[in-house]
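Asker: Task: produce atomic coordinates for the following.
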Amino acid sequence: MKTKPIVIWWIRRDLRLADNPVLDAIAAQGGAVVPVYISDPIDAALGAAPQFRLGLGLAHLQNSLAARSLRLIVRRGAALQVLRDVVQDCGASAVYWSRLYDPQAIARDIEIKTSLKNQGVEARSFGGRLLFEPWSVEKKTGGFFQVYTPFWRAVATRPVSPPTREPARLQGPQTWPTSDTVESLGYAKRMQRAAGVVAAQCRVGEQAAFARAEEFVHNDLPHYAELRDVPSSDVTSGLSENLAWGEIAPRQIWAACDAAAPNTAVEKFRKELVWREFSYHLMYHTPHILDRNWRSGWEGFAWSETQTEALSAWQQGRTGIDLIDAGMRELYVTGKMHNRVRMVAASFLCKHLMVHWKMGMQWFQDCLVDWDPAANAMGWQWVAGCGPDAAPFFRIFNPDGQRQKFDPDGAYCRKWIAEGQRDPPDTARAFFAACPKSWTITAETPRPPPIVELAKGRARALAAYETLRKTG
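Answerer: You can find the predicted model right below:
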């Protein structure tokens, strides 16, 4: 009897079995699959909350695989050496993986693909993380897009292939390689006492992600266009958490929207999915978006790049500005923040407090369970004014004006700020259970006065921008 080929599924940000091109390819060959997760230097460098959420996703995937008589092989070390070891251990003839698009991952994957092929091992990468590969969308005159609206027009009518089901049958090898455990990775360690608080707010795994998508489409999507900016309305999809770790694919979400009647809400939501595509498009073509100003001429802007009292107050949700503090506390309790509030909190840091966008981006990178390198960098540079298709720097969100417009009854702020309430809700109290003891704050600690007068902060930011404009 001919031995079935053994293929290693190198797992990265694709923690799902359905609509997974890697598994579809393995199943089509009739081969055996060895799912392998590698804790390599890239994942070891993840922020506390992203790494924690990855650990939750891996544990869930491990259970899903076990229910299908498959195992998740967990190893630690440099990815190339680990893959070589596993190839030898199980006699695999191929290694397949889903593509990532940040420059660090691309460089690693090119080296691995070249090395494996040189030793006679088939090495293939597949799409699945995006609707459209970054190199497949070009302007009519050639080249990549730098502005969102024409990018949207270029892809809005493109067909999106339907998602695929989980392969009917996946089989493992006769002998499994040795494995560490997900728990041994210690991915929850850096979360300290916040781990349990944040975990309770997560919806982990592809079944939960798909249920979340269906709930959103049937219950909230009809109201999305009118209420998406109201942080207390809870009509956003929440799917960024699952998209970040590949527990759901974007074309699964796109297809789920087909169940709704075509209207402005569906188009509005799909534009948000395509905004994510645009951020990947730009990260792929201009990778410097991740660590320096995308637009030239901003190098001399008077942003602070040190840990100041103002930055600490912003991080701890103790600026004295209600909407800002509510958002920063929501972030610490849930690992997420409502998108409207994210924009306001980012604008406040970069403009009213004159702190460099990289400092805020790094804090989000440590705190977000839905952290995404492209979306995080794109969002911060857009708000700061130095990014592609950016909001002009002189567009400065007034946090009090935004609160009055989008949280007029104070429901969102009360949900997250305990001080001043006789009987604060559990959500507000949870912040004090999650935040580090070193912050020495409790629900009884008086809130500080506003850290900056909003009008003065705005004037200072505009003056700095005017100086840059004249000297740049």
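Asker: which helix of the protein spans the most residues?
Answerer: Longest helix in the chain by number of residues, with DSSP state H as the criterion: helix 264-285.
Asker: Show the subsequent helix or strand relative to that helix.
Answerer: Counting by DSSP states H and E, the element after helix 264-285 in chain order, helix or strand, is helix 309-315.
Asker: Buried residues, that next one. List them.
Answerer: Neighbour counts using 16 or more other Cβ atoms under 10 Å place Ala310, Leu311, Ala313, Trp314, Gln315 of helix 309-315 among the buried residues. Heads up, the C-betas are built off the backbone N, CA and C, glycines and all.
Asker: Quick check: the fourth one vs Gly57, distance?
Answerer: For Trp314, the distance to Gly57 (Cβ to Cβ, to the nearest Å) stands at 29 Å.
Asker: Likewise for the first one?
Answerer: Noted for Ala310: a distance of 35 Å to Gly57, by Cβ to Cβ.
Asker: ditto for the third one
Answerer: Shown here: Ala313 relative to Gly57, a distance of 33 Å by Cβ to Cβ.
Asker: Centre of the chain to the host helix or strand of Gln104, how far?
Answerer: Assessed by DSSP H and E, Gln104 sits inside helix 103-118. Mean-position distance between helix 103-118 and its chain equals 24 Å (Cα atoms, centre = their mean, to the nearest Å).
Asker: The buried residues of helix 309-315 into TSV, with extra columns for pLDDT and distance to Ala211?
Answerer: Conversion of those to TSV gives the following (pLDDT from 0 to 100; distance: Cβ to Cβ, whole Å):
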residue	pLDDT	distance to Ala211
Ala310	96	41
Leu311	97	38
Ala313	97	38
Trp314	98	35
Gln315	98	33
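Asker: between those residues, which is nearest Gln81?
Answerer: Among these, Gln315 lies closest to Gln81 (Cβ to Cβ), at 37.6 Å.
Asker: I'd say the closest one and Met328 touch.
Answerer: Yes: between Gln315 and Met328 there is a contact at 6.8 Å, judged by Cβ atoms under 8 Å.
Asker: next structured bit after the strand ranked longest in the chain?
Answerer: For the chain, the strand that runs over the most residues, judged by DSSP state E, is strand 32-39. Helices and strands here follow DSSP H and E; after strand 32-39, the next one along the chain is helix 41-44.
Asker: where in the stretch 1-150 of the chain is pLDDT low?
Answerer: 1-3 (pLDDT under 70).
Asker: can you map out the strands along the protein?
Answerer: Secondary structure of the chain (DSSP E): strands located at 6-11, 32-39, 73-76, 94-98, 122-126.
Asker: Tabulate those (TSV), appending mean neighbour count and distance to Val344.
Answerer: Shown next, in TSV, are the strands of the chain (neighbours: other Cβ atoms under 10 Å; distance: least, Cβ to Cβ, whole Å):
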stretch	mean neighbour count	distance to Val344
strand 6-11	24	36
strand 32-39	23	36
strand 73-76	20	40
strand 94-98	22	34
strand 122-126	17	38
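Asker: Distance to Tyr224 added to these, as CSV?
Answerer: Formatted as CSV, the strands of the chain follow (distance: least, Cβ to Cβ, whole Å):
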stretch, distance to Tyr224
strand 6-11, 32
strand 32-39, 35
strand 73-76, 39
strand 94-98, 29
strand 122-126, 31
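Asker: angle of the longest helix of the chain against helix 103-118?
Answerer: When axes from the mean of the first three to the mean of the last three Cα atoms, to 10 degrees is applied, the directions of helix 264-285 and helix 103-118 differ by 70 degrees.
Asker: what mean pLDDT does helix 264-285 have?
Answerer: Averaging pLDDT along helix 264-285 yields 95.
Asker: Give me the buried positions along that helix.
Answerer: The neighbour-count check on helix 264-285 (16+ other Cβ under 10 Å) flags 265-266, 269-270, 273-285 as buried.
Asker: next one: stretch 178-193
Answerer: Neighbour-count burial for stretch 178-193, counted by 16+ other Cβ under 10 Å, picks out Ser179, Val182, Leu185, Tyr187, Ala188, Met191.
Asker: got it, and stretch 211-231?
Answerer: In terms of neighbour count (16+ other Cβ under 10 Å), stretch 211-231 has its buried residues at 212-213, 216-217, 220-222, 224-225, 227-231.
Asker: Residues in contact with that stretch: which ones?
Answerer: With Cβ atoms under 8 Å, 6 or more residues apart in numbering as the contact definition, stretch 211-231 has outside contacts at 203, 233-239, 242, 248, 252-253, 256-257, 259-260, 263-266, 268-269, 327, 338-341, 406-407, 412.
Asker: Just the CA trace of it, in PDB.
Answerer: Extracted C-alpha coordinates of stretch 211-231, given in PDB (Å, rounded to 0.1, in the frame of the first residue of the first chain):
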ATOM      1  CA  ALA A 211     -21.800  32.800  15.600                       C
ATOM      2  CA  ARG A 212     -20.700  36.400  16.300                       C
ATOM      3  CA  ALA A 213     -20.800  37.100  12.600                       C
ATOM      4  CA  GLU A 214     -24.300  35.700  12.200                       C
ATOM      5  CA  GLU A 215     -25.500  37.500  15.300                       C
ATOM      6  CA  PHE A 216     -24.100  40.800  13.900                       C
ATOM      7  CA  VAL A 217     -25.600  40.400  10.500                       C
ATOM      8  CA  HIS A 218     -29.100  39.500  11.700                       C
ATOM      9  CA  ASN A 219     -29.300  41.700  14.700                       C
ATOM     10  CA  ASP A 220     -27.000  44.700  14.400                       C
ATOM     11  CA  LEU A 221     -26.000  45.200  10.800                       C
ATOM     12  CA  PRO A 222     -29.400  46.900   9.900                       C
ATOM     13  CA  HIS A 223     -28.500  49.700  12.400                       C
ATOM     14  CA  TYR A 224     -24.800  49.800  11.700                       C
ATOM     15  CA  ALA A 225     -24.700  52.900   9.600                       C
ATOM     16  CA  GLU A 226     -26.600  55.000  12.000                       C
ATOM     17  CA  LEU A 227     -25.200  53.700  15.300                       C
ATOM     18  CA  ARG A 228     -21.700  52.500  14.700                       C
ATOM     19  CA  ASP A 229     -20.200  55.700  16.200                       C
ATOM     20  CA  VAL A 230     -22.300  55.400  19.400                       C
ATOM     21  CA  PRO A 231     -20.000  53.500  21.900                       C
END
